[in-house]
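Visitor: Below: sequence and its predicted model.
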Amino acid sequence: MNAPRHLTLRERIYEEIVRLIVSGELPSGVSIDEKELTERLQVSRTPFREAIGTLAKEGLIEIKPYRGFFVRSFTPKEIDDLYELRKTLECFAVELAVPQMSDRHIAGFERMLDEAVAALRRGDMATYGIRDKEFHETIAELSGSAPLIETLARLALQIQICRSIANESRDLAERAAEERDQILQAFRARDIPRAKALMHAHISDVQQAVMARFQKENPAR
């Protein structure tokens, strides 16, 4: 086995800022206090700004001249567009991934989805987010398409910010349980059209819940 790669300082700063954003500790639209954060992370400005530059390229941070760095905010249309793009890319990933799935892979998906649904039912949105991310990342990896994997990874980070903005509804639990069983059945049958249709429906369901909650909490936007 290959030894795990050690992260560079810039990569460690990048991952910590992503964690702060996704957790809501650095909420959408907030100004990033460079001095406070570099002191907290015990790093200098140079690697910090390199990490910020990477996050800006990935659409998570906005750099405003003479004003500083801000966590990106999203309009309702931007959120809707992100989910529409995700549906197209995820369905393509499913098309490529299903023929590569072994019974071991499907057992892994079952574990991920069981844990995600259980987390939803107990209101543990953090664990739900982790397991949901793991599920979609594994499908992308099985697609074997490097450009698709990279694009979906970037999109997933922006989607996570949207979900933290909207405080995704816990009412999804029972629908998610039903979707879980149907998706697993399609995977076991290696039924690509059915699996794609179910993935599209799953993402649409989440999209509608996020948009409804976002509009309720941000009526002026």
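Guide: Ah, there it is. Nothing here was measured: the structure is a model prediction, and the numbers come from that model. Numbering: from 1, shown residues only.
Visitor: going forward, measure contacts and count neighbours with C-alpha atoms only.
Guide: OK.
Visitor: Report the separation between the most far-flung residue of the chain relative to its centre and residue 83.
Guide: Distance from the C-alpha centroid of the chain, by Cα atoms, centre = their mean, peaks at residue 66 (30.6 Å). Going from residue 66 to residue 83 by Cα to Cα, to the nearest Å gives 32 Å.
Visitor: And residue 149, by the same measure?
Guide: From residue 149 to residue 83 the distance is 16 Å (Cα to Cα).
Visitor: more crowded one of the two?
Guide: Per other Cα atoms under 10 Å, whichever of residue 149 and residue 83 has more neighbours is residue 83, with 24 against 21.
Visitor: Would you mind listing the residues in contact with that one?
Guide: If you count contacts by Cα atoms under 8 Å, 6 or more residues apart in numbering, residue 83 has them with 159, 203, 204, 207.
Visitor: Regarding residue 63, what is its secondary structure?
Guide: Under DSSP: H, G, I helix; E, B strand; the rest coil, residue 63 falls in the strand class.
Visitor: Number of residues surrounding it?
Guide: 16.
Visitor: That one bridge partners, please.
Guide: In this entry, residue 63 is beta-bridged to residue 69, by DSSP bridges.
Visitor: let's number from 31 now, not from 1
Guide: With the count now opening at 31, the last piece we talked about shows up as residue 93.
Visitor: Settle this for me: it is touching residue 102, isn't it.
Guide: No: counting by Cα atoms under 8 Å, residue 93 stays clear of residue 102, with 9.2 Å between them.
Visitor: Report the separation between the residue most central in space within the chain and residue 151.
Guide: Centroid-nearest residue in the chain, with Cα atoms, centre = their mean: residue 186, separated by 3.3 Å. Going from residue 186 to residue 151 by Cα to Cα gives 23 Å.
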